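Q: sequence unknown, structure follows:
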């Protein structure tokens, strides 16, 4: 499993991987928003947590099809399927690799982009915390979506349609944590809910993804 | 005959119109597809039987 | 004699064909009488005026929008556990009906909200969760359309339905947490306090019965169509092979 993880990470970091791409996309979204809604500081700082969350979510979505598509094309997914590794383990490692290459950089970049959106002072800590807790759920849910559409020729658009509704609870609670944190309110409830969703998704969804992948490779 | 709907007549009538239209379209499409499929299948069954 | 007998497509078609006239007539009678009763013979609400008449479409459609998903969930489970094709096809047949019901609930809600709340749309928890439900329906149908192999499509969509159900419930609570709404509470409940008055509720029950019957009839009809479509595909494939 560790070997598979290292392989995925190496592939992602090398050219053609999604490593820098997701980050660049995140940057562009956060730059475009002020251009769209105007440079008013008060307004921007009000919507900053939501924008950062949506940017992270879209950046995550953008890189999802890479999870399985490349392996499916060159056939290495079949090799993995026949390997002694359980399918659940494979999808978990894939999700983890996706999170390490996409989710984690987004978490680290968020405060820097928060400056661009004049995020309120108290918000920096909470945007990092909420993204740190929430992005694993995004990766795991996304892996499920990617597994659903792995064999399809134009699966990208369909995958967005399937995955985005599943992202709703994570987005709601994540953005709520960031917003309340920024305004200095109590964040315990949404934070616990967000953590609950992440834990539940990480614990249960790999089984669904593995089942789906098995069906698709049949 | 027509009840006095007051100032909300537009809202009430348009919501009835929209809903009934949607339902009718749904039913019509379902029936049409069912008919087509029946004919299509009968066609194929015939062909299979007669070789 | 058990319910699983109807897993046989031929038996299913035969039985539903026999039931269809009763269902169709029942649905039409209930819908027409309920709507006419509601539209012509109920008084205006003292606060909402004549817009209260929209309830006879709005509430049944909203109920069926959720029940259709429930039915798809049960049918998907049956497919996963017992692998009866009719079950998977019934789930597929129900999805567009559920989507239309959701659309009706949303449209009538918007038209109702315009005079009552002064806006077509608010990001109220109920409205939002219905919009999300609509997106789930779209995704589900799109996945069915996208996959060519019938069994693969049935497997994938039923798993999507299971996962989607969990997330739909989660979304419901998430949006509840996110915003307190303008939408009134439950229209029909055992709690008399928030119950709508009897003058309004009797025709409403008739309308709900009509929507349920209509839903069942449509599901049967569309499932038959799907069964035939599947058989046609199988025959063509066999022909090519021979």
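A: Great, that's in hand. Note that the coordinates shown come from a computational prediction; the quantities given were computed from them, not determined experimentally.
Q: Please name the residues that touch the residue nearest to residue A:50 when sequence neighbours are not counted.
A: Leaving aside its chain neighbours, residue A:50 sits nearest to residue A:175 (4.9 Å; criterion: C-beta to C-beta, 6 or more residues apart in numbering or on different chains). All C-beta atoms are positioned from the backbone trio N, CA, C, and that covers glycine. By C-beta atoms under 8 Å, 6 or more residues apart in numbering or on different chains, the contact set of residue A:175 is A:49, A:50, A:53, A:54, A:130.
Q: Likewise for residue C:228?
A: Taking C-beta under 8 Å, 6+ apart as the criterion, residue C:228 is in contact with B:37, B:38, B:40, B:41.
Q: that older thread, among the contacts of residue A:175, which one has the most neighbours?
A: Ranked by neighbour count under the definition other C-beta atoms under 10 Å in any protein chain shown, the contacts of residue A:175 are headed by residue A:130 with 32 neighbours.
Q: Pick out the residue in chain A sitting closest to chain B.
A: Here the residue of chain A nearest chain B is residue A:161; by C-beta to the nearest C-beta that distance is 21.4 Å.
Q: burial count for that residue?
A: Each residue near residue A:161 was counted by other C-beta under 10 Å, and the total is 20.
Q: is it true that it touches residue C:135?
A: Yes - using C-beta atoms under 8 Å, residue A:161 is in contact with residue C:135, at 7.5 Å.
Q: hang on, the earlier thing: which of the helices or strands spans the residue nearest to residue A:50?
A: When elements are assigned from DSSP states H and E, residue A:175 belongs to helix A:155-182.
Q: cool, residue C:171 as well?
A: Using DSSP H and E, residue C:171 maps to helix C:150-178.
Q: What separation do you get for the residue of chain A closest to chain B and chain C?
A: Relative to chain C, residue A:161 is positioned 5 Å away (C-beta to the nearest C-beta, to the nearest Å).
Q: OK, contacts around that residue?
A: Listed by C-beta under 8 Å, 6+ apart, the contact partners of residue A:161 are C:135, C:138, C:139, C:142.
Q: CSV please, covering those and showing secondary structure and pLDDT.
A: As requested, those are exported to CSV (DSSP: H, G, I helix; E, B strand; the rest coil; pLDDT from 0 to 100):
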residue, secondary structure, pLDDT
C:135, helix, 93
C:138, helix, 93
C:139, helix, 92
C:142, helix, 92
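Q: quick one: which of those is most hemmed in?
A: Busiest of those [other C-beta under 10 Å] is residue C:139, holding 25 neighbours.
Q: isn't that one right up against residue C:163?
A: No - counting by C-beta under 8 Å, residue C:139 sits too far from residue C:163 to count as a contact (10.9 Å).
Q: Pick out the most distant pair among the contacts of residue A:175.
A: In terms of C-beta to C-beta, these reach their longest pairwise distance at A:54 and A:130, which sit 12.9 Å apart.
Q: Chain A contacts on chain C?
A: Contact residues, chain C versus chain A (C-beta under 8 Å from any C-beta of the partner chain): C:132, C:135-136, C:138-139, C:142-143, C:146-147, C:152, C:155-156, C:159-160, C:162-164, C:167-168, C:170-171, C:173-175, C:177-178.
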